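Chemist: Pasting a predicted model and its sequence here:
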Amino acid sequence: MRTACRRLGRGRDGTISYYSTRDGFEVDFVTGDPDVEHATALVQVCADVSQPETRAREFRAVSAAMTELGLDQATLVTLAHEESVKTEVGRVHVIPAWRWLLDL
């Protein structure tokens, strides 16, 4: 696990932190299993992904993190947009915040 995963693997009951990829892209939240120091979920947050530049930036960060951490899916939380996108490295579930909160 890269040191950019602040606190991941240091708590007995699991941790939540951010992740910085080798190329400097950041993903807002990464969760992990502290016993094995392994990432289990990625969550990126963006109000609106309707602009092509914003969409590309958010998907670039989450895809890079998925590759580096060996994950085949991630979640992108938005204000209202919902879709499931198959990328080269896995699936990104784009969901509105209200639905994400209800699914916790």
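Modeler: Noted; the coordinates are in hand.
Chemist: for the longest helix that the chain contains, the distance to its chain's centre please.
Modeler: Longest helix in the chain by number of residues (criterion: DSSP state H): helix 52-69. When C-alpha coordinates are averaged (Cα atoms, centre = their mean, to the nearest Å), helix 52-69 and its chain have centres 9 Å apart.
Chemist: Make sure residue 43 is actually in contact with residue 71.
Modeler: No - using Cβ atoms under 8 Å, residue 43 is not in contact with residue 71, being 11.3 Å away. Just so you know, the C-beta spots here come from the backbone N, C-alpha and C atoms, and that holds for glycine as well.
Chemist: Adjacent strands (with direction) for the helix-or-strand element of the chain with minimal mean pLDDT?
Modeler: In the chain, no helix or strand scores lower on mean pLDDT, DSSP states H and E than strand 15-20, which sits at a mean of 85. As defined by DSSP bridges, the strand partners of strand 15-20 come to strand 26-33 (antiparallel).
Chemist: and the closest residue to residue 39 other than its chain neighbours, how far is that from residue 97?
Modeler: Excluding the flanking residues, the one nearest residue 39 by Cβ to Cβ, 6 or more residues apart in numbering is residue 69, at 4.2 Å. According to Cβ to Cβ, to the nearest Å, residue 69 stands 23 Å off from residue 97.
Chemist: Of the two, which one has the most company?
Modeler: residue 69 (21 against 13; other Cβ atoms under 10 Å).
Chemist: Pretty sure the more buried one sits against residue 32.
Modeler: No - Residue 69 is beyond contact range of residue 32, at 9.0 Å (criterion: Cβ under 8 Å).
Chemist: what do the two both touch?
Modeler: Counting by Cβ atoms under 8 Å, 6 or more residues apart in numbering, the common neighbours of residue 69 and residue 32 are residue 39.
Chemist: What ranges in the chain fall below the confidence cut-off?
Modeler: For the chain, the stretches flagged by pLDDT under 70 are 1-14, 33-37.
Chemist: can we see that at 90?
Modeler: Residue ranges of the chain with pLDDT under 90: 1-19, 31-39, 103-104.
Chemist: count of neighbours near residue 86?
Modeler: Residue 86: 8 surrounding residues under other Cβ under 10 Å.
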